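**Student:** attaching a predicted model along with its sequence, questions to come.
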Amino acid sequence: PPPRPEMKEKNPWHRPVTIIITVIGVIAIVTLVTVLVIQNRTIAQKYKYGIVLDAGSSHTSLYIYQWPAEKDNNTGRVEQKHHCQVAGKGISSYTATPYKAGESLISCLKEAKENIPQKMHPETPLYLGATAGMRLLKLENSSASDEVFKAVEKTLRGFPFSYQGARLLAGQEEGAFGWVTVNYLDDRLTQGLETTGALDLGGASTQISFVSDEYNGSESPDNAVSFRLYGYDYTLYTHSFLCYGKDQALRLALAHQTKVNSGPTAIMDPCFHKGYNETKHYAAVYDSPCVSDQKPQIVSETFIHLGGGNFTQCQEVIKSVFNFTSCRYSRCSFNGIFQPPLQGQFGAFSAYFFVMNFLNLTDTSVPLKTVMQKLSDYCATPWTQIKKEHDIPLKYLAEYCFSGTYILTLMMEGYNFTSETYSSIKYIQKIKNSDAGWTLGYMLNLTNMIPAEAPDSPPLTYTSYVSVVTVMAILLFVIFILILYSLWPKCNTEPKII
Ligand SMILES: Nc1ccn([C@@H]2O[C@H](COP(=O)(O)OP(=O)(O)OP(=O)(O)O)[C@@H](O)[C@H]2O)c(=O)n1
């Protein structure tokens with residue numbers, strides 16, 4: 001039989017025009033999505049930087065923060081990029097040679113230069129904030145404190161950053177900015193969530209800051225700091241106790257034990273381990289405005305500091321450095337300072353963390369009674385055994401029994417935490433890789449990076465935005481092809497046998 005003609009009409013999808021349209025469509029979608037992704041990525045990768053130096057009583061730390069360039073003055077997360085610990089003591093210890101206070105900062109500032117792209121140096125703000133060590137120095141010798149500030153200023157101005165000043169922070173600022181840092185890093189401020197209180201223990205001062213429904217600032221207004229952040233109003237209670245950082249508190253405790261009997265030649269200190277035996281100078285203990293007025297008529301120049309290793313007696317010594325009797329407000333913490341009822345969760349950082357972490361006591365879900373028992377056992381451990389078990393400088397090692405006992409006494413007797421509310425405290429060092437402390441809150445405030453009102457944010461996240469545009473582009477393309485198919489003259493006719 002003669003060869004049969006073709007049975008079917010050629011598949012319309014194989015027509016060159018359809019193929020070209022499909023290819024163009026696919027290219028268009030791929031181009032659209034690529035442009036969307038690349039356009040946004042390149043911008044997001046640029047960062048801005050800020051540097052804050054925390055000139056504390058015991059040491060100075062330099063922090064570099066970074067944030068996406070497009071998102072400052074917005075909710076963009078500022079994070080810690082680098083931390084440098086300045087070698088040596090705090091700047092307040094350089095009174096005899098103030099220029100050395102400036103020189104001590106050089107190596108960390110050089111590190112900062114290496115960690116921030118060179119072209120960003122001139123627009124990187126540089127701040128230095130000094131805390132309780134310099135507060136004490138100012139009280140003791142105001143011109144010496146001016147000299148130290150001049151010296152550090154000279155060094156800071158010698159670097160290519162945008163120097164914004166070196167100043168003494170007030171205790172309220174230190175407390176309030178620590179609270180801002182913790183709540184900013186925990187993302188509580190943008191959403192107006194219940195905030196976390198901040199407990200900061202330094203070497204020379206200690207801060208407590210929290211929001212209480214029962215505090216509006218009318219009673220003891222000096223303790224109130226008001227903020228409007230991301231559209232939410234806060235009245236924060238904050239107080240900084242000068243001389244109640246752990247190093248000055250140790251002086252208070254030693255003064256309490258040595259001020260009697262015109263300066264004894266030896267004291268048995270229950271806050272140090274049995275077998276501890278060090279000769280110390282009276283001058284070194286009383287060389288601080290926190291205790292100088294208690295100085296006894298000293299007969300001997302030195303005294304022998306012996307350890308008794310008794311937690312309960314140590315608690316008694318520490319309690320004696322607080323004044324619980326006078327209070328002219330409705331309620332007080334100690335030393336006649338007003339404190340509203342404690343409320344919510346608390347983050348305890350700086351020395352709270354260092355000490356409790358060393359003692360393996362950071363877990364606050366453990367009952368307080370157990371924590372105290374463990375600390376009591378630690379204090380009762382002989383000094384020879386403690387020295388064998390730990391490889392850290394003896395000066396620091398000797399003080400952990402005192403410091404742990406001080407922390408628990410300050411919290412329970414001073415701030416009125418109870419065995420029930422103890423578990424609302426979390427010992428923290430970092431939140432999402434940034435150290436807890438006042439520095440981040442200070443920079444956020446000075447760079448106006450926390451807006452008073454909630455910023456207008458795009459309704460979709462970046463990922464949802466790319467996904468929606470991609471899906472829509474594909475959908476439109478399919479609809480277009482379907483319309484094309486239905487309009488094509490022969491496409492919608494059944495293939496016929498010719
Ligand atoms: N790894 C560390 C670091 C510090 N410390 C001690 O913790 C205390 C406080 O440290 P910090 O928070 O850095 O306080 P400063 O900023 O120095 O003091 P202040 O804020 O009171 O000026 C000091 O006694 C310090 O010796 C510690 O025990 N272990």
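**Tutor:** Perfect, thanks for sending it.
**Student:** what helix or strand is residue 139 on?
**Tutor:** Assessed by DSSP states H and E, residue 139 sits inside helix 132-140.
**Student:** please identify the buried residues of that helix?
**Tutor:** 132, 133, 134, 135, 136, 137, 138, 140 (16 or more other CB atoms under 10 Å). Quick note: C-beta positions are derived from backbone N, CA and C, even for glycine.
**Student:** could you do stretch 247-266 as well?
**Tutor:** 247-259, 263-264.
**Student:** closest to the ligand among the residues you listed?
**Tutor:** residue 247 (4.6 Å; CB to the nearest ligand atom).
**Student:** so the closest one: helix, strand or coil?
**Tutor:** Judged by DSSP: H, G, I helix; E, B strand; the rest coil, the three-state class of residue 247 is helix.
**Student:** my read: residue 473 touches residue 29, true?
**Tutor:** Yes: Residue 473 is in contact with residue 29 according to CB atoms under 8 Å; the separation is 4.9 Å.
**Student:** residues in contact with the closest residue to residue 92 other than its chain neighbours?
**Tutor:** Distances taken as CB to CB, 6 or more residues apart in numbering place residue 133 nearest to residue 92, at 3.6 Å, with adjacent residues excluded. Neighbouring residues of residue 133 by CB atoms under 8 Å, 6 or more residues apart in numbering: 55, 56, 57, 58, 90, 91, 92, 93, 203, 204.
**Student:** try it again at 10 Å.
**Tutor:** Contacts for residue 133 (CB atoms under 10 Å, 6 or more residues apart in numbering) come out as 55-60, 89-93, 145, 148, 202-205, 245, 247-248.
**Student:** what about it, distance to residue 59?
**Tutor:** For residue 133, the distance to residue 59 equals 9 Å [CB to CB, to the nearest Å].
**Student:** quickly list what's touching both of these two.
**Tutor:** In contact with both residue 133 and residue 59: 89, 90, 91, 93, 203, using CB under 10 Å, 6+ apart.
**Student:** how is this structure divided into domains?
**Tutor:** Annotated domains of the chain cover 12-44+462-487, 47-193+430-446, 246-427 [automatic domain parsing].
**Student:** by mean pLDDT, flag the weakest helix or strand of the protein.
**Tutor:** For the chain, counting by mean pLDDT, DSSP states H and E, helix 16-44 ranks last in confidence among helices and strands (a mean of 73).
**Student:** what's the first helix or strand after it?
**Tutor:** strand 47-55.
**Student:** what packs against that following strand?
**Tutor:** Counting contacts by 3 or more CB pairs under 10 Å, 6 or more residues apart in numbering; DSSP states H and E, strand 47-55 is packed against strand 60-68, strand 79-85, helix 106-115, strand 125-130, helix 142-157, strand 162-168, helix 438-446.
**Student:** pull the helix or strand residue 268 falls within out as CSV, backbone CA atoms only.
**Tutor:** Take DSSP H and E as the rule and residue 268 turns out to sit in strand 266-269. Presented in CSV, the C-alpha positions along strand 266-269 are these (Å, rounded to 0.1, in the frame of the first residue of the first chain):
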residue,chain,number,x,y,z
ALA,A,266,47.4,38.9,112.9
ILE,A,267,43.8,38.2,111.9
MET,A,268,42.1,34.8,111.4
ASP,A,269,39.9,35.5,108.3
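**Student:** contacts for that strand?
**Tutor:** 250, 253-254, 257-258, 260-261, 274, 276-277, 279-280, 300, 302-310, 313-314, 317, 401-402.
**Student:** one more time with 6 Å
**Tutor:** 257, 258, 303, 304, 306, 308 (CB atoms under 6 Å, 6 or more residues apart in numbering).
**Student:** for that strand, the distance to its chain's centre please.
**Tutor:** Centre-to-centre, strand 266-269 and its host chain are 38 Å apart (CA atoms, centre = their mean, to the nearest Å).
**Student:** can you tell me the distance between the two ends of stretch 433-441?
**Tutor:** 15 Å (CA to CA, to the nearest Å).
**Student:** buried residues in it, which are they?
**Tutor:** 434, 435, 436, 437, 438, 439, 440, 441.
**Student:** columns distance to residue 228 on top of those, output as JSON lines?
**Tutor:** Listed next are these as JSON lines, based on distance: CB to CB, whole Å:
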{"residue": "434", "distance to residue 228": "23"}
{"residue": "435", "distance to residue 228": "26"}
{"residue": "436", "distance to residue 228": "23"}
{"residue": "437", "distance to residue 228": "23"}
{"residue": "438", "distance to residue 228": "20"}
{"residue": "439", "distance to residue 228": "22"}
{"residue": "440", "distance to residue 228": "19"}
{"residue": "441", "distance to residue 228": "15"}
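**Student:** run through the residues of the chain sitting next to the ligand.
**Tutor:** Neighbours of the ligand within the chain, by CB under 6 Å from any ligand atom: 56-59, 90, 131-133, 202-205, 245-247, 350-351, 354-355.
**Student:** of the residues you listed, grab the buried ones for PyMOL.
**Tutor:** Provided next is the PyMOL selection string for whichever of the residues of the chain next to the ligand are buried by 16+ other CB under 10 Å:
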select buried, resi 56+57+58+59+90+131+132+133+202+203+204+205+245+246+247+350+351+354+355
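**Student:** hang on, the earlier thing: so for the buried residues of stretch 247-266, which is the shakiest by pLDDT?
**Tutor:** In terms of pLDDT, the weakest of the buried residues of stretch 247-266 is residue 263, which scores 85.
**Student:** for that residue, give me its contacts.
**Tutor:** Contacts of residue 263 were listed using CB under 6 Å, 6+ apart, and they are 282, 296, 298, 299.
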